[in-house]
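Visitor: prediction below, plus the sequence it came from.
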Amino acid sequence: MALAERSDPGLRERKKEATQMLLRETALRLFSERGFSAVSVDEIATTADVSRSTFFRYFGSKEAVLFDEIDETGDAFLEHLKERPLSETPWQAFEKALIAISEPHEGDGQKDKQQRMLDELLLNDPALHGRRLAMAERWTDILAKVFARRAGRTEPVLEDRLAASTCMAVSEEIQRVWRENPGGSTTKMIEKAFATLRAF
């Protein structure tokens, strides 16, 4: 088996991805059952039947279980947003970038399950409430700066901040609808939300 793994980089990557997913799913389940603060790294590793050192090969901390993927998704979203045509309004660019990062995961049941668990934790776990608010404020600032640059400005003005705040509010509402409609198409929810916004 070891020889097969050395000769098949794809197999090694699949095993690494499977282990990472197992650790994330185990951690999210424990956090959901007992609360984020009450669960230790050792408990996550033991429940997933791996060593503590194996856990730290994949995650730098238990916070990283929650936020590493959020950061990766955020980076991918920003790349899509920055590549949108300058002729698009901030709302149009935001909508298209949001769809671009959502489409690849449509129909992925395991990914959907983990995302729902993460979403519920960020909303309801007292230990994570402040982190969630700080994350929303940070993203509002990031969006305002991106929208300003798209308009040829070096610093955001009221127009950019309003666009950023509106996009974040719409995103929150899309997440709420998504939580209440398991199995629904995220892309369709995004399109409907922005079509409704444009109709005002």
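Guide: On my side now, so go ahead.
Visitor: quick check: which element contains the residue nearest in space to the middle of the chain?
Guide: Centroid check for the chain by Cα atoms, centre = their mean gives Ile70 as the closest residue, at 3.6 Å. For Ile70, the host element (DSSP states H and E) is helix 62-83.
Visitor: what is the burial count for Leu86?
Guide: 9 (other Cβ atoms under 10 Å). For every residue, glycine as well, the C-beta is placed using N, CA and C.
Visitor: just say helix, strand or coil for it.
Guide: coil (DSSP: H, G, I helix; E, B strand; the rest coil).
Visitor: ok, it touching Arg150?
Guide: Yes: between Leu86 and Arg150 a contact is recorded at 5.7 Å, counting by Cβ atoms under 8 Å.
Visitor: sorry, back to before: now do the buried residues in the helix holding Ile70.
Guide: Of the residues in helix 62-83, those buried under the neighbour-count criterion (16 or more other Cβ atoms under 10 Å) are 62, 64-69, 74, 77-78, 80-81.
Visitor: what do you get for stretch 171-180?
Guide: If you call a residue buried by 16+ other Cβ under 10 Å, then stretch 171-180 has these buried ones: 171, 174-175, 178.
Visitor: three-state assignment of Gly60?
Guide: Judged by three-state DSSP, the three-state class of Gly60 is coil.
Visitor: tell me how many other residues crowd the residue lying closest to Val177 once chain neighbours are set aside.
Guide: For Val177, the nearest residue in space outside its immediate sequence neighbours is Met189; the separation is 5.3 Å by Cβ to Cβ, 6 or more residues apart in numbering. A count of nearby residues for Met189, using other Cβ under 10 Å, gives 19.
Visitor: do you know how far Met189 is from Thr73?
Guide: When Cβ to Cβ, to the nearest Å is applied, the distance between Met189 and Thr73 equals 17 Å.
Visitor: give me the contact list for the helix holding Ile70.
Guide: Residues external to helix 62-83 that are found in contact with it (Cβ atoms under 8 Å, 6 or more residues apart in numbering): 23-24, 27-28, 31, 36, 39-41, 44, 59-60, 93-94, 96-98, 100-101, 118, 121-122, 128, 131, 135, 139, 142, 146.
Visitor: with stretch 28-46 instead?
Guide: The set of residues that contact stretch 28-46 without belonging to it, under Cβ under 8 Å, 6+ apart, is 23, 26-27, 47, 51-52, 54-56, 61-62, 65-66, 114, 117-118, 120-121, 125-128.
Visitor: quick one on the thing from earlier: so among the contacts of helix 62-83, which ones count as buried?
Guide: So, of the contacts of helix 62-83, 23-24, 27-28, 31, 36, 39, 41, 44, 59, 93-94, 96-98, 100-101, 118, 121-122, 128, 135, 139, 146 end up buried under the neighbour-count rule (16+ other Cβ under 10 Å).
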